[in-house]
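[1] Could you work out the structure for the sequence below:
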Amino acid sequence: MTGTAALFVWTEVLNATYLDSYRILVQFNNGVRKIVDFANIVKRYPVFQPLSNLTLFKQFKVTDTLEWDNEKIDIAPEYLYENGIPA
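    Numbering: from 1, shown residues only. So this is what the prediction gives:
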């Protein structure tokens, strides 16, 4: 591509706040804030089943996404962005 610079924008989580039940308010690097409900994710996917324990669920860590259990469990920030509802 001559004369054109490729622009890549990565979706990253900047901040997250536990709301209630399995819902987390997530703020992304483009300023958008979305509420993500993990209730169905926890039930549907075996890797997320440990998060059915709300004490563990609330102990997420923000990196460029959300991580739990010493980085054993994480989720793609793009999934959070695409499946969250605007806050």
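[2] Could I get the full set of helices for this structure?
    Secondary structure of the chain by DSSP state H: the helices cover 39-44, 54-57, 77-83.
[3] which helices and strands sit right next to the longest one?
    Taking 3 or more CB pairs under 8 Å, 6 or more residues apart in numbering; DSSP states H and E as contact, the helices and strands that helix 77-83 lies on are strand 23-28, strand 33-37. Glycine gets a C-beta too; all of them are placed from N, C-alpha and C.
[4] just to revisit the earlier point, for the helices of the chain, which one sits closest to Thr63?
    helix 77-83 (9.4 Å; CB to CB).
[5] Now that Glu67 has come up, it's in contact with Asp74, right?
    Yes. Using CB atoms under 8 Å, Glu67 is in contact with Asp74, at 4.4 Å.
[6] What number of residues are in the vicinity of Phe57?
    Residues lying near Phe57 (other CB atoms under 10 Å) number 19.
[7] highest average neighbour count across the helices of the chain?
    helix 77-83 (a mean of 16; mean count of other CB atoms under 10 Å).
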